[in-house]
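Peer 1: Let me see the structure of the following:
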Amino acid sequence: MVLNYIWMAFFVIAFAVAAVRLVFIGDLEVFPAMMDSTFASSKTAFEISLGLTGVLSLWLGIMKIGERGGVVAALARILSPVFVRLFPDIPRGHPVTGSIFMNIAANMLNLDNAATPLGLKAMEQLQELNPKKDTATNPMIMFLVLNTSGLTLIPVSIMVYRAQMDAANPTDVFIPLLLATFFSTLTGIVVTSLYQRINLINRTMILALGGMCAVVAAIVWGFGRMDKVMMDTVSVSVANILLMTVITGFIIAGVRKRINVYDTFIEGAKDGFSTAVRIIPYLVAMLVGVGVFRASGAMDIITGAVRMAVEACGGSGDFVGALPTALMKPLSGSGARGMMVDAMTTYGADSFVGRLSCVFQGSTDTTFYILAVYFGSVGVRHTRHAVTCGLLADAAGVVAAIGVCYLFF
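Peer 2: Residues are numbered from 1 along each chain as shown. Below is the predicted model:
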């Protein structure tokens with residue numbers, strides 16, 4: 001229901017802004033630009049879904065081997081003490097726990113192509129436990145918020161973009177980005193737990209969250225001692241080695257269980273095509289809404305109003321140039337990526353705005369995209385508090401990114 005109102009708001013606000021531009025400043029190009037964006041966004045949505053088909057088939061096939069080989073069940077048992085508290089409605093030891101972990105791990109390593117199919121697989125398993133198929137359950141919402149908060153340990157793609165934009169030190173945003181995304185994820189967990197009345201004040205959760213803080217601190221310390229060349233090499237190598245280890249490990253586990261790994265892979269991979277087809281309408285709806293909103297100039301009005309408000313209160317408006325990336329990120333990953341590149345092109349990759357836009361890009365994830373795709377793939381229409389919790393996590397990431405960048409840059 002919330003997505004319904006947001007989607008309608010995109011079009012209503014966009015039309016109102018375009019009408020004002022046409023009547024008062026005689027902008028005859030605004031409506032053609034909006035119509036062009038609908039066709040371009042529809043095409044993009046289909047191309048994204050088409051591009052996902054092969055990746056979905058690969059990872060759903062690998063996950064099927066992992067299920068039959070017992071790896072997913074083993075992960076579920078290991079994570080059960082923590083997940084039973086974050087996801088109290090999931091039966092202890094259920095295979096979905098392993099799928100959720102694999103998805104979160106892929107997100108941490110910035111492996112988008114792996115994270116999406118793993119996340120869709122987890123949603124399908126959560127839907128099997130859902131007594132009310134059109135309404136999001138508490139575990140679904142907690143899982144989605146963990147996704148939308150965008151915890152990333154190795155932001156390879158962002159560092160690559162900075163290198164392409166001739167940044168003097170492409171990795172200088174690594175530590176600020178790590179801190180911002182950590183605060184976003186921590187906020188998402190706390191806020192969702194409050195909504196769902198989950199008690200986080202217990203030995204297991206304190207140890208788990210404390211362990212997360214320790215891991216983040218260790219990564220910050222370790223990478224802080226490397227030069228940019230070494231940091232890039234280690235980041236890329238670790239991500240790819242872990243990914244290949246997962247694939248090989250699942251296959252070896254399947255062989256040990258004496259299952260036919262090839263036939264099992266084919267069985268799981270068949271679901272990739274049907275899943276990709278199911279998400280097309282949801283992608284088209286969301287990307288068209290975002291495209292129209294951008295083409296109307298509504299996004300420019302919002303950022304301009306924020307700058308005026310901040311400066312009127314005596315604050316520094318330096319961060320406003322990067323704000324389009326933050327505002328676009330919950331709506332469209334590719335749109336936010338474009339805003340980030342535009343900010344680095346306009347202000348310079350090593351400028352405050354250029355760096356902040358990169359931290360914005362990595363501090364959160366595409367909330368509405370994830371909600372539309374993940375919920376749409378299993379037919380959930382009533383999202384309950386998922387949007388609210390996801391956006392609060394995004395807001396925490398944005399505020400943390402601004403504060404951290406002022407501290408570092």
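Peer 1: If you tally nearby residues, what's the number for residue 214?
Peer 2: Burial of residue 214 is recorded as 10 neighbouring residues (other CB atoms under 10 Å). Backbone N, C-alpha and C define where each C-beta goes, glycine included.
Peer 1: The one 4 residues further on now?
Peer 2: Burial of residue 218, expressed as a neighbour count using other CB under 10 Å, amounts to 10.
Peer 1: Equivalent analysis for residue 32, please.
Peer 2: A count of nearby residues for residue 32, using other CB under 10 Å, gives 10.
Peer 1: distance between the host helix or strand of it and the chain's centre?
Peer 2: Element membership for residue 32, per DSSP states H and E: helix 30-69. When C-alpha coordinates are averaged (CA atoms, centre = their mean, to the nearest Å), helix 30-69 and its chain have centres 15 Å apart.
Peer 1: elements contacting that helix?
Peer 2: Judged by 3 or more CB pairs under 8 Å, 6 or more residues apart in numbering; DSSP states H and E, helix 30-69 is in contact with helix 2-25, helix 71-86, helix 96-108, helix 112-128, helix 228-256, helix 261-295.
Peer 1: To residue 42, which of the ones you listed lies closest?
Peer 2: When the helices and strands packed on helix 30-69 are compared by CB to CB, helix 261-295 sits nearest residue 42, at 5.3 Å.
Peer 1: Show residues contacting the very next helix or strand once past that closest one.
Peer 2: Sequence order places helix 298-312 as the next helix or strand after helix 261-295, per DSSP H and E. The set of residues that contact helix 298-312 without belonging to it, under CB atoms under 8 Å, 6 or more residues apart in numbering, is 13-14, 17, 293, 316-317, 320, 323-324, 327-328.
Peer 1: Residue 354 is nearest to which of the helices and strands packed on helix 30-69?
Peer 2: helix 228-256 (16.1 Å).
Peer 1: what's the model's confidence in the closest one, averaged?
Peer 2: The predicted model assigns helix 228-256 a mean pLDDT of 78.
Peer 1: What of stretch 172-180?
Peer 2: Taken as a whole, stretch 172-180 has an average pLDDT of 81.
Peer 1: Next: stretch 104-119.
Peer 2: Averaging the model's pLDDT scores along stretch 104-119 yields 69.
Peer 1: residue contacts, the residue lying closest to residue 267 once chain neighbours are set aside?
Peer 2: Leaving aside its sequence neighbours, residue 267 sits nearest to residue 64 (CB to CB, 6 or more residues apart in numbering; 5.8 Å). The contact partners of residue 64, taken as CB under 8 Å, 6+ apart, are 264-265, 267-269.
Peer 1: Out of those residues, flag the one nearest to residue 125.
Peer 2: Ranking these by separation from residue 125, with CB to CB as the measure, puts residue 268 on top at 12.8 Å.
Peer 1: my guess is the closest one meets residue 69, correct?
Peer 2: No. The pair formed by residue 268 and residue 69 falls short of the contact definition of CB atoms under 8 Å, at 11.7 Å.
Peer 1: So the most centrally placed residue in the chain versus residue 138, what's the distance?
Peer 2: With distances taken as CA atoms, centre = their mean, residue 365 lies nearest the centre of the chain, 2.9 Å away. Look at residue 365 and residue 138: by CB to CB, to the nearest Å, they are 20 Å apart.
Peer 1: ditto for residue 322
Peer 2: Using CB to CB, one gets 35 Å for the distance from residue 322 to residue 138.
Peer 1: Then residue 380?
Peer 2: 13 Å.
Peer 1: quick one: which of the two has more around it?
Peer 2: Set side by side, residue 380 and residue 138 show more neighbours around residue 380, with 24 against 19, by other CB under 10 Å.
Peer 1: Run through the residues that contact the more buried one.
Peer 2: By CB under 8 Å, 6+ apart, the contact set of residue 380 is 127, 130, 133-136, 140.
Peer 1: Just the buried ones from those?
Peer 2: Buried by 16 or more other CB atoms under 10 Å: 127, 130, 136, 140, out of those.
Peer 1: can you list those residues in TSV and add pLDDT and distance to residue 149?
Peer 2: Putting those into TSV (pLDDT from 0 to 100; distance: CB to CB, whole Å) gives the following:
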residue	pLDDT	distance to residue 149
127	91	22
130	90	22
136	90	17
140	92	15
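Peer 1: and those residues, which two are the farthest apart?
Peer 2: Checked with CB to CB, these reach their widest spread between 127 and 136, with 9.8 Å between them.
Peer 1: What strand or helix carries residue 384?
Peer 2: Going by DSSP H and E, residue 384 is not part of any helix or strand.
Peer 1: That one is in contact with residue 135, isn't it?
Peer 2: Yes. Under the criterion of CB under 8 Å, residue 384 lies in contact with residue 135, with a separation of 6.9 Å.
Peer 1: about what we covered before: would you list the buried entries among the contacts of helix 298-312?
Peer 2: Of all the contacts of helix 298-312 considered here, the ones buried according to neighbour count by 16+ other CB under 10 Å are 13-14, 17, 293, 320, 323-324, 327-328.
Peer 1: Okay, now the unreliable bits of the stretch 51-200 of the chain?
Peer 2: 52, 72, 76, 109-114, 150, 153-154, 156-157, 160 (pLDDT under 70).
Peer 1: next one: the stretch 301-409 of the chain
Peer 2: Within the stretch 301-409 of the chain, the ranges that satisfy pLDDT under 70 run 315-317, 332-335, 338.
Peer 1: all helices for it, in order.
Peer 2: Using DSSP state H, counting those that start in this stretch, the helices found in the stretch 301-409 of the chain span residues 323-328, 333-347, 352-363, 367-378, 386-408.
Peer 1: quick one, which of those is packed in tightest?
Peer 2: Mean neighbour counts were taken over the helices of the stretch 301-409 of the chain using mean count of other CB atoms under 10 Å, and the top value, a mean of 29, falls to helix 352-363.
Peer 1: Show me what it is packed up against.
Peer 2: Contact partners of helix 352-363 among helices and strands, from 3+ CB pairs under 8 Å, 6+ apart: helix 156-164, helix 174-196, helix 323-328, helix 333-347, helix 386-408.
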